[in-house]
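Asker: everything below, folded, please.
(2 chains)
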Amino acid sequence: MTTTTIDDAPFIEPSTKARRNYLNDEYGVLSWLLTKDHKRIAIMYLFSVTLFFVVGGVLAFLMRLELLTPEGDMFTSDTYNKLFTLHGIVMIFFFLIPAIPAVLGNFLLPIMLGAKDLAFPKLNLLSWYIYMIGGTFGVIVIITGGVDTGWTFYTPFSTQYSNTKVFLTTMGAFITGFSSILTGLNFLVTTHRMRAPGLTWFRLPLFVWSMYATSIVIMLATPVLAITLVLLMVERVLQVGIFDPALGGDPVLYQHMFWFYSHPAVYIMILPGMAVISECVAAFTRKKIFGYKFVAFSSLAIAFLGFLVWAHHMFVAGISVYSAMIFSFLSMLVAVPSAIKVFNWTATMYKASVSWQTPMLYVLGFIGLFTIGGVTGLFLGALGIDVHVHDSYFVVAHFHYIMVGGTIMAYMAGIHYWWPKITGRMYPEWWGRLSALLVFVGFNLTFFPQFLVGYVGMPRRYHAYAPEFQVLNVLSTAGATILAVGYLLPMLYLGWSLKFGRKAGTNPWGAVGLEWATTSPPPKENFHETPVVTWEAYDYPAFLKAMRETQHV
Amino acid sequence: MNDFPLFPEQASSVSPLVDGLYLGLVALTGAVSLLIWIVIFYFAIKYRRRPDNELAQEQEPPAALEVTWIVIPTIIFIAIFVAGAWVFFRINRVPSNALEVYATGRQWMWKFQHPSGQREINTLHVPVGRPVKITLASEDVIHSLWFPSFRVKTDVLPNRFRTMWFEATKTGTFHIFCAEYCGTKHSAMIGSVIVMEPTEYQRWLAGGSEGSLASQGEQLFAKYACNTCHMDTATGRGPVLAGLYGQSRPLTNGQVVLADDNYIRESILNPQAKVAAGFQPIMPTFQGQVTEDDLIRLLSYVKSIPAAGTQTQQVESPQSQLQSSGAPTATTTAAPTTAAPTTTAAPTAATTTTNQGTER
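Answerer: Numbering: from 1, shown residues only, chains lettered A, B, ... in the order given. You can find the predicted model right below:
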């Protein structure tokens, strides 16, 4: 993969070979594999997570094909169970969690701070290698027969009953966790220590605030996952009773430990999406984000409250009525900071200069879909409704509205928005708009029917289902087909643009931010001279004035 | 059944509550979401980029908006919490006059046992208009018993009894699903609940059985030689179990325990955990020897022994109970099984066991 990039590199700025940038600064495979440049590491992550996204997407599509008919007639039950398990594991651990932080965050965070690199460049490279080792475990699992526990690894099924590759899978997830931890650590230290002169906390782009909150969650939650998975492996391999009642353990304890990580992990996935949306809203409305401090602190509030709501995954799992009430109440509170963000983004568009370019289309899609995902979260947080819809397709629809309608829409917005900065080339605008439209339509057709079929009574993780659920499932599969086209198109035209795309200038969007103050693609050290920040976040007139002055000098 | 339902049947007393809350939330959140989308698209079109507004006008909406959209949603969210919790209480509070049924989940079937002794697989017969309390246990992994038409669901755990209840309000046949992923045939761990008119239900109950659950439990009580220590008089090495169920009892460690389903379960499987005051921790564990089905029978028996002095037949012959094998069912207690058949006439060929969906 990486070699392709190297071959392509000379094409990126063919006419200005004299100007060095991070892509043409060095050549050769080793210059990539041993790089300490956060931008090159981001590119390596881009290829890796895209690969896993394709794998996870193919698994999902096979599932949708099986679900065209009520009978389980395409795959065996075991194969279907492996499909949804691997889809979940690949998408969550190997795509959603690293996608925005490790690709866009890695590339942009140091530039937005006016720094030459992250605080620990070698750790950054190490995190990519750890991720690849974890990913290799995942690939080995897929090749050697798969795993069928569901991505949640519930005990005692996972420790005593499943005869699939549980150990290798949990090992892969365990290892990959450390790559997240290193990235989070790097972001935290860099944000604290390496801000450019004049870049105070309240001048930081909201992207940085959100990444900062994400990093805190990663640092505090991921070790708990690691511990939980180790305990699971210990029980499975050494038969030490921790979760299995036959050995004296408690299966509900596993769920507490698992969700203590995995609920915050939802915020590890969505906070970076919010980070991207804040930047794009500011850029494509040419306006200061309304309520900057509220948006910034809402990220921290989400990070904090996100740790206090894990048992809302367990309302019918065997917790007491009173603890269910407490977790339901706290779950309602965590919805408030998300609502604050949506309202502020909306208010930012008031009397703005709204561009309808591709990233903004994805942003509009994000706000629409994330709103649906958010309000259906209220349904699930309301105890009386959750008893009915828990573990039904209603839940499946809800978290796909958050993860796909939220995080992936934001990721697509971010990739398009920063593509000119990363590659120095513009993508074809009309193809971009078409793909955004396809993704939006396909997504809704795929997942909206799942709310309905879930409330009617279709349980999740069902290989075969009752015939009355078929119509809605057929709609869902039709939508998935459109969605697949919507995701394939960008891979094609973005690849095309590397060679044929119009060359992007320093600031093709007329946006605000330090990343738009350096060349596209940026030089290896990000800036030719250390920038001095004299403007508040998203202050267009001040930023443009500062840019004019530095260019005249 | 409708070929293409967009809404599940309302067939239990809590269904209208859950649906009311659900539809209320659909209306509320739908209206708010629609409002957000309208505002966004209105702004996106009205303030679209044109040559004369290349830069935004930098006019801020009033800052008081922030407080508004923090306070109002918080109040709404808390109201949703209160409504949800209220329905949840209704779903969880088991009426005292509920009929009892026992359910066991295993890979990949549901077994139901009625106190009068009927056993069914993947089918559950219940009367309409009467609360039914199900005591659940799992023989292997975690399952979840879901009655979509009743809007209730409970995870079934391998290490404790759980309870759920519903009151069917409509006769007919409705789905039973396993909602917690449990392995290969998870999606085949399904069945039907058949809601019958009370008279029909009585007729169904009357159709053959192997004696009440409690009497089956009493046989097991003898088979496992429980009665050698748990005698009917306070002379045994174990506590007297008569009248124990539902009472609070002191333990050797000074604590007091309520003798409920899970205490009895724990005392059989892990007797050293909570030893009754005044007794030695000498009881062996029955973990691995007693199946979930037998646990239910034993539980049913223990629950059925009336307190000393309130009964007549119970303490008749301790001698005969010592004979462990083939204990005579003739001496069984008149167990207070709730729905004892009132008529023995015409057992209308109602089968005790229906088996569907367990074959692959």
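Asker: so which residues on the stretch 251-360 of chain B come close to chain A?
Answerer: Applying C-beta under 8 Å from any C-beta of the partner chain, we find that the stretch 251-360 of chain B lies next to chain A at B:Gln287, B:Gly288. The C-beta positions use only the backbone N, C-alpha and C, and glycine is treated the same way.
Asker: any regions of the stretch 251-360 of chain B where pLDDT drops low?
Answerer: B:308-360 (pLDDT under 70).
Asker: try it again with 50
Answerer: For the stretch 251-360 of chain B, the stretches with pLDDT under 50 are B:311-360.
Asker: that one: helices as residue ranges?
Answerer: B:261-269, B:292-304, B:318-322 (DSSP state H, counting those that start in this stretch).
Asker: wait, which of those is closest to A:Asp73?
Answerer: Distance to A:Asp73, taken as C-beta to C-beta, is lowest for helix B:292-304 among the helices of the stretch 251-360 of chain B, at 33.5 Å.
Asker: what's that closest one packed up against?
Answerer: When contacts are defined as 3 or more C-beta pairs under 8 Å, 6 or more residues apart in numbering or on different chains; DSSP states H and E, helix B:292-304 packs onto strand B:99-106, strand B:109-113, strand B:131-138, helix B:213-223, helix B:261-269.
Asker: these into CSV, with extra columns for mean neighbour count?
Answerer: Shown next, in CSV, are the helices and strands packed on helix B:292-304 (neighbours: other C-beta atoms under 10 Å in any protein chain shown):
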stretch, mean neighbour count
strand B:99-106, 22
strand B:109-113, 23
strand B:131-138, 22
helix B:213-223, 23
helix B:261-269, 19
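Asker: in JSON lines, list the ones you listed along with distance to B:Thr233.
Answerer: JSON lines is the format used below for these (distance: least, C-beta to C-beta, whole Å):
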{"stretch": "strand B:99-106", "distance to B:Thr233": "29"}
{"stretch": "strand B:109-113", "distance to B:Thr233": "31"}
{"stretch": "strand B:131-138", "distance to B:Thr233": "29"}
{"stretch": "helix B:213-223", "distance to B:Thr233": "16"}
{"stretch": "helix B:261-269", "distance to B:Thr233": "20"}
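Asker: of those, which is nearest A:Ile130?
Answerer: Of those, nearest to A:Ile130 by C-beta to C-beta is strand B:131-138, at 37.8 Å.
Asker: let me see the mean pLDDT of the closest one.
Answerer: On average, the pLDDT along strand B:131-138 is 95.
Asker: now stretch A:202-217
Answerer: Mean predicted lDDT for stretch A:202-217 stands at 96.
Asker: again, but for stretch A:405-412
Answerer: 96.
Asker: run the chain-centre distance for it.
Answerer: Mean C-alpha position of stretch A:405-412 versus that of the full chain (C-alpha atoms, centre = their mean, to the nearest Å) differs by 7 Å.
Asker: enumerate every residue touching A:Ala478.
Answerer: A:Leu445 (C-beta atoms under 8 Å, 6 or more residues apart in numbering or on different chains).
Asker: hang on, it is in a helix, isn't it?
Answerer: Yes. Counting by DSSP: H, G, I helix; E, B strand; the rest coil, A:Ala478 is found in a helix.
Asker: that one and chain B: what is the separation?
Answerer: Going from A:Ala478 to chain B by C-beta to the nearest C-beta, to the nearest Å gives 15 Å.
Asker: pLDDT wise, what is that residue at?
Answerer: 97.
Asker: against B:Arg119, how distant is it?
Answerer: As judged by C-beta to C-beta, to the nearest Å, A:Ala478 and B:Arg119 stand 44 Å apart.
Asker: A:Trp356: neighbour count?
Answerer: Other residues near A:Trp356 number 14, with proximity taken as other C-beta atoms under 10 Å in any protein chain shown.
Asker: sorry, slip of the keys, the one I care about is A:Val387.
Answerer: A:Val387 has 24 nearby residues by other C-beta under 10 Å.
Asker: can you confirm it is in a strand?
Answerer: No. Per three-state DSSP, A:Val387 lies outside any strand segment and is helix.
Asker: go ahead and confirm it touches A:Val316.
Answerer: Yes. With contact taken as C-beta atoms under 8 Å, A:Val387 and A:Val316 are classed as touching, separated by 5.7 Å.
Asker: which residues do those two both contact?
Answerer: B:Lys153.
Asker: can you pull the phi/psi pair for the closest residue to chain B within the stretch 151-300 of chain A?
Answerer: Proximity of the stretch 151-300 of chain A to chain B (C-beta to the nearest C-beta) peaks at A:Pro245, 3.3 Å away. Backbone geometry at A:Pro245, expressed as degrees, to the nearest 10, gives phi -60, psi -30.
Asker: adding distance to A:Val237, write the helices of the stretch 251-360 of chain B out as CSV.
Answerer: What follows is those, written out as CSV (distance: least, C-beta to C-beta, whole Å):
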stretch, distance to A:Val237
helix B:261-269, 25
helix B:292-304, 27
helix B:318-322, 46
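Asker: that concludes my questions; thank you for your assistance.
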